[in-house]
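Asker: Need the 3D shape of this:
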Amino acid sequence: MAVQKGHSVSPESELLILVDTDDQETGTLSKVECHDGDGILHRAFSVFLFNDQGELLLQQRSADKRLWPMYWTNTCCSHPCQGESMQLATERRLQQELDTGSTLEFIYKFAYQARFGDLGSEHELCSVYLGRLERDATANDAEIAALRYADGKRLQAEIESNPDDFTPWFKMEWQRLNEEFPDRLAKYTTPV
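Answerer: Numbers count the residues shown, from 1 in each chain. From the prediction side, this is the model:
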């Protein structure tokens, strides 16, 4: 898959939306401050896009990422801007990172916290979406080191044999999708 020269679309100064565990906004804070130490709970999303063969599009995070650089993860994950709906935020980020789009289905929302050594933490209230790729993706190399497809069985085997190659949120989300939402996931993992 193609990787194109791009620019970072998520500067450390970007303001993220702080929330409580009920997803009620409590303010804003810079991305860098939200990820310092144990992290501060903020709103986020994760997108899983599948091709017509039912394979998940995975991205390898850029080497320039502060947290989990060069780790494999789901198709796209980021944060909405203040005043921006999740629909607009996911559309914007899919375009910026992958030059693609999708009609997304909301599946569930969950809070998690994961620490990356002394470099900081993710502490997010994350909405998880599934969808089909509308067109081939092209990676913005400032955000993504590589792209690849994996079918569900191969991906599960990879996660089990090499768990440290994958981001913590992706492993949590993939497990929950398979355990709690298998019918909804099957809509996308089944070839069309």
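Asker: show me what contacts the residue nearest to the spatial centre of the chain?
Answerer: Geometric centre of the chain, nearest residue: C77, 2.4 Å, by CA atoms, centre = their mean. Contacts were defined as CB atoms under 8 Å, 6 or more residues apart in numbering; by that measure C77 touches A44, F45, S46, V47, C126, W169. In short, each C-beta sits where N, CA and C put it, glycine included.
Asker: Among those residues, which one lies nearest to E160?
Answerer: W169 (17.4 Å; CB to CB).
Asker: in the helix or strand hosting the closest one, what counts as buried?
Answerer: According to DSSP states H and E, W169 maps onto helix 168-180. Across helix 168-180, burial judged by 16 or more other CB atoms under 10 Å covers P168, W169, F170, K171, M172, E173, W174, L177.
Asker: just to revisit the earlier point, tabulate the contacts of C77 (a markdown table), appending distance to Q59 and pLDDT.
Answerer: Shown next, in a markdown table, are the contacts of C77 (distance: CB to CB, whole Å; pLDDT from 0 to 100):
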| residue | distance to Q59 | pLDDT |
| --- | --- | --- |
| A44 | 16 | 98 |
| F45 | 14 | 98 |
| S46 | 11 | 98 |
| V47 | 10 | 98 |
| C126 | 16 | 98 |
| W169 | 13 | 98 |
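Asker: Identify the farthest-apart pair in those.
Answerer: V47 and W169 (12.0 Å).
Asker: Overlap of the contact sets of those two?
Answerer: N74, C77.
Asker: ok, then the element right after the helix or strand hosting Q60?
Answerer: Assigned by DSSP H and E, Q60 belongs to strand 56-61. Going down the chain from strand 56-61, the next helix or strand is strand 72-73, by DSSP H and E.
Asker: Need the mean per-residue confidence for that next one.
Answerer: The pLDDT scores in strand 72-73 average 98.
Asker: Show me what it is in contact with.
Answerer: L58, Q59, Q60, R61, D165, F166, T167, W169, F170.
Asker: Can you name the residues that contact A111?
Answerer: Neighbours of A111 in contact, by CB under 8 Å, 6+ apart: T21, L41, H123, E124, L125, C126.
Asker: Quick one: classify C81 as helix, strand or coil.
Answerer: coil (DSSP: H, G, I helix; E, B strand; the rest coil).
Asker: Identify the residues contacting the nearest residue to T28 once chain neighbours are set aside.
Answerer: Leaving aside its chain neighbours, T28 sits nearest to L15 (4.3 Å; criterion: CB to CB, 6 or more residues apart in numbering). Shown in contact with L15 (CB under 8 Å, 6+ apart): T28, L29, S30, K31, C81, Q82.
Asker: State the distance from the closest residue to the fifth one other than its chain neighbours to L130.
Answerer: Once flanking residues are discounted, C81 sits nearest to A89: 6.7 Å by CB to CB, 6+ apart. The span separating A89 from L130 equals 16 Å under the rule CB to CB, to the nearest Å.
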